[in-house]
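structure for the following, please:
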Amino acid sequence: MSEPVETTIDLDGQPMRVWTKGSGPKIGYFAGYGGLPRWIPFLDALAEHRTVIAPSLPGFPGGGRAQLMLDSHLDWIVATRRIFMSAGLEGADLIGSSVGGGLAAELAALWPQEVRRLALIAPLGLYREEEPPTDIFAQRADEYAALLCAEPDNYRALKQAPNDVNAGEWDIEQSRAAEAAARLLWPIANTRLDKRLPLIQQPTLIAWGEKDGVMPRSYAQFIANTIAGESRIEIIEGAGHLAELDRPRALAGAILAFTQ
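Below is the predicted model of the structure:
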């Protein structure tokens, strides 16, 4: 299977990696918790039908140390839009998962003309006292795999250093991703995204892993009830919080059908 094409864009002097693969209408992807240290089967399934563009977010794998320039949630939103535009995604469909899902929702809400259709995979940034999410920052490192995936080995495989990469540098990059998530979401992963959800006008697919251990499934219905645009909820059987790792083809198929 062919590798994606790698390019870089500039964010205030920081090189940001962009991976591209496939042909057809463009579809963007903002990765979930832990970022995108390697290309994943979910993106290959999408690339069979679409041109997949996966830009790195600040501080996450491929995103250098750009997170150090961001002092507020507004800084994160503006940086995400700049990355989105520089990657050539204006007017395209957009997928966001977990951490990336929250930022994708912000972008779609504030610049509706720039996103055609939206797919949100258990986005972070919402908090309801009656059913709070799991505190991801209160977990030990060895607990993340089981928390984020129904099949923990899928997350371990994402994070395993390739043989041709310096293991020390790889570990530093993964630690930096955890720091970036904390800068964006700490302490309780509540960015008050609920205030901007009513601004989302695009048709939106709300995908949720059946076994999500981070975000309760009730949040899917809350999002559907709150956004202005039409919505559809898709529960991905046998999947955890990062449904794209557990059930890549099932999730890709649902997204492709929704965005056609």
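
for residue 144, which non-adjacent residue is spatially closest?
residue 155 (6.6 Å; Cβ to Cβ, 6 or more residues apart in numbering). C-beta here means a position set from N, CA and C on the backbone, and glycine is covered the same way.

if I look at the one you found, what pLDDT would I see?
The predicted structure scores residue 155 at 97 on the pLDDT scale.

secondary structure element for it, which one?
Counting by DSSP states H and E, the element that carries residue 155 is helix 152-159.

could I get that helix in PDB with only the CA atoms?
The C-alpha coordinates for helix 152-159 follow below in PDB (Å, rounded to 0.1, in the frame of the first residue of the first chain):
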ATOM      1  CA  PRO A 152      -6.200  -1.600  23.600                       C
ATOM      2  CA  ASP A 153      -3.600  -3.000  21.300                       C
ATOM      3  CA  ASN A 154      -4.900  -0.700  18.600                       C
ATOM      4  CA  TYR A 155      -3.700   2.300  20.600                       C
ATOM      5  CA  ARG A 156      -0.500   0.600  21.600                       C
ATOM      6  CA  ALA A 157       0.200   0.000  17.900                       C
ATOM      7  CA  LEU A 158      -0.400   3.700  17.100                       C
ATOM      8  CA  LYS A 159       2.100   4.700  19.700                       C
END
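
who's in contact with it?
34, 37-38, 40, 144-146, 148-149, 174, 242, 245-246 (Cβ atoms under 8 Å, 6 or more residues apart in numbering).

next: stretch 7-26.
Surrounding stretch 7-26, the residues in contact under the criterion Cβ under 8 Å, 6+ apart are 2-6, 36, 39, 43-44, 46-56, 58, 61-66, 69, 79, 82-83, 86-89, 92-93.

tell me which residues in it are buried?
9, 11, 14, 16, 17, 18, 19, 20, 21, 22, 26 (16 or more other Cβ atoms under 10 Å).

which outside residues touch the longest helix along the chain?
In the chain, ranked by residue count with DSSP state H as the criterion, the top helix is helix 167-185. Residues external to helix 167-185 that are found in contact with it (Cβ under 8 Å, 6+ apart): 33-35, 37, 57-61, 63, 65, 67, 70, 73, 76, 99, 102, 124-125, 136-137, 159, 161-162, 191.

alright, I will stop here.
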